[in-house]
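K.L.:
Provided below are the primary sequence and the corresponding predicted coordinates.
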Number of protein chains: 2
Amino acid sequence: MPKPQAEQAPGAASLAPLDPGMFDPVCPSTLVPFRVVDKWAPLVLRCLEDGPRRFSELRVPLRGITAKSLTHSLRALEQDGFVVRAEHEGAPRHVEYAMTPLGRGLLGSLDTVCAWTREHWDELLDAREAGLSRADVR
Amino acid sequence: MPKPQAEQAPGAASLAPLDPGMFDPVCPSTLVPFRVVDKWAPLVLRCLEDGPRRFSELRVPLRGITAKSLTHSLRALEQDGFVVRAEHEGAPRHVEYAMTPLGRGLLGSLDTVCAWTREHWDELLDAREAGLSRADVR
DNA sequence: CGGTATCCCGGGTGATACTG
DNA sequence: CAGTATCACCCGGGATACCG
């Protein structure tokens, strides 16, 4: 485990200074990069997979997300270059969000995790059940 | 995007009911499985990569983690079957934590994300910088 | 050594209302 | 339609103190 970096406040996953190459055990954002830690961001990204979507279109599959949270995630994803915002003219207003190549790449790499999860789904469930019953005993 | 499942409180990532195969846009835990959302858990797992470690040994690389948080993460990882706890006898007390095959598998799949991150590090930094300066303008 | 038990704080999240 | 503004709440996480 290389070089535990000194002064990195954990939790400052979003705009923290970043250090290439090195694994910093204190900063989750190096392990699970950037917005992945965010509650909604990965899901928002996923929803943009098949093409650009409008604000209100995004709210449908992400049931329960508030406008505020969606705005927040979109802004964050935009700042990190995973998503682009395009404002088309006309009334009523029309705004579209789309994935960038970078966003697509991130999503792709996340897919391998998803794939692993699906592959080992039964083991995961079993292990958890076992873990829970053991917790009962204690 | 298949079947948005009805009643899944987002945020209940840890012990929520899980649905195999399907992608549930409301539950982050299907995209980023289980403990990955947790702040420390992935890092704890990472620290166990090279072999079993004791409680206090884990606290070294994870600088700044409190005993409470470490305990919490370890318990969670244990419950989900990613880690095993072994209590050896003798005074002073001696407890060791080790990865299970499942844990190793999860970590492995996470590694692909890490690899992607490292590969695209420069792009990530550039994109973010661009995003930030754009944020200034607004 | 390997933890618990408390207290406390900040922010992430939601609910609701309002606006260009 | 695409958001902002405001309030309010919960709880993850840290600090500190204590225990077997």
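P.N.:
Looks like it arrived, so ask away.

K.L.:
residues from chain A in reach of DNA strand C?
P.N.:
Remark: the part of chain A in contact with DNA strand C comprises A:38, A:39, A:40, A:64, A:65, A:66, A:67, A:68, A:69, A:72, A:92, A:93, using Cβ under 7 Å from any atom of the strand. Every C-beta, even on glycine, is put in place using the N, C-alpha and C of the backbone.

K.L.:
Which one (most neighbours) among those residues?
P.N.:
Neighbour tally across the residues of chain A next to DNA strand C (other Cβ atoms under 10 Å in any protein chain shown): the maximum, 25 neighbours, falls on residue A:40.

K.L.:
Is it correct that that one is in contact with residue A:69?
P.N.:
Yes. A contact is recorded between residue A:40 and residue A:69 when judged using Cβ atoms under 8 Å, the distance being 5.7 Å.

K.L.:
Need the worst-confidence member of the residues of chain A next to DNA strand C.
P.N.:
By predicted confidence (pLDDT), the lowest-ranked of these is residue A:64, with 68.

K.L.:
Now chain A against DNA strand C: closest residue?
P.N.:
Across chain A, no residue is closer to DNA strand C than residue A:39, which sits at 2.8 Å (Cβ to the nearest atom of the strand).

K.L.:
Is that residue in a helix, a strand, or coil?
P.N.:
coil (DSSP: H, G, I helix; E, B strand; the rest coil).

K.L.:
Okay, helices next: where are they in chain A?
P.N.:
Chain-ordered helices for chain A, with DSSP state H as the definition, fall at A:28-31, A:41-47, A:55-59, A:67-79, A:101-119, A:121-137.

K.L.:
Make a markdown table out of the ones you listed and add distance to DNA strand D.
P.N.:
Formatted as a markdown table, those follow (distance: least, Cβ to the nearest atom of the strand, whole Å):
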| stretch | distance to DNA strand D |
| --- | --- |
| helix A:28-31 | 8 |
| helix A:41-47 | 12 |
| helix A:55-59 | 3 |
| helix A:67-79 | 4 |
| helix A:101-119 | 16 |
| helix A:121-137 | 16 |
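
K.L.:
got any ranges where chain A has weak pLDDT?
P.N.:
By pLDDT under 70, the weakly predicted segments of chain A are A:1-37, A:64, A:135-138.

K.L.:
and the closest residue to residue A:48 other than its chain neighbours, what does it touch?
P.N.:
Nearest non-adjacent residue to residue A:48, counting by Cβ to Cβ, 6 or more residues apart in numbering or on different chains: residue A:99, 4.6 Å away. By Cβ atoms under 8 Å, 6 or more residues apart in numbering or on different chains, the contact list for residue A:99 reads A:45, A:48, A:49, A:82, A:83, A:84, A:107.

K.L.:
What residues are recorded as beta-bridge partners of residue A:99?
P.N.:
Listed by DSSP bridges, the beta-bridge partners for residue A:99 are residue A:83.

K.L.:
Distance of it relative to residue B:126?
P.N.:
Here the criterion is Cβ to Cβ, to the nearest Å. By it, residue A:99 lies 17 Å from residue B:126.

K.L.:
that older thread, can you tell me which of the contacts of residue A:99 are buried?
P.N.:
A:45, A:48, A:82, A:83, A:107 (16 or more other Cβ atoms under 10 Å in any protein chain shown).

K.L.:
Rebuild the residues you listed as JSON lines, extending it with distance to residue B:57.
P.N.:
Supplementary listing: the buried ones among the contacts of residue A:99 in JSON lines, determined by distance: Cβ to Cβ, whole Å:
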{"residue": "A:45", "distance to residue B:57": "36"}
{"residue": "A:48", "distance to residue B:57": "42"}
{"residue": "A:82", "distance to residue B:57": "36"}
{"residue": "A:83", "distance to residue B:57": "41"}
{"residue": "A:107", "distance to residue B:57": "36"}
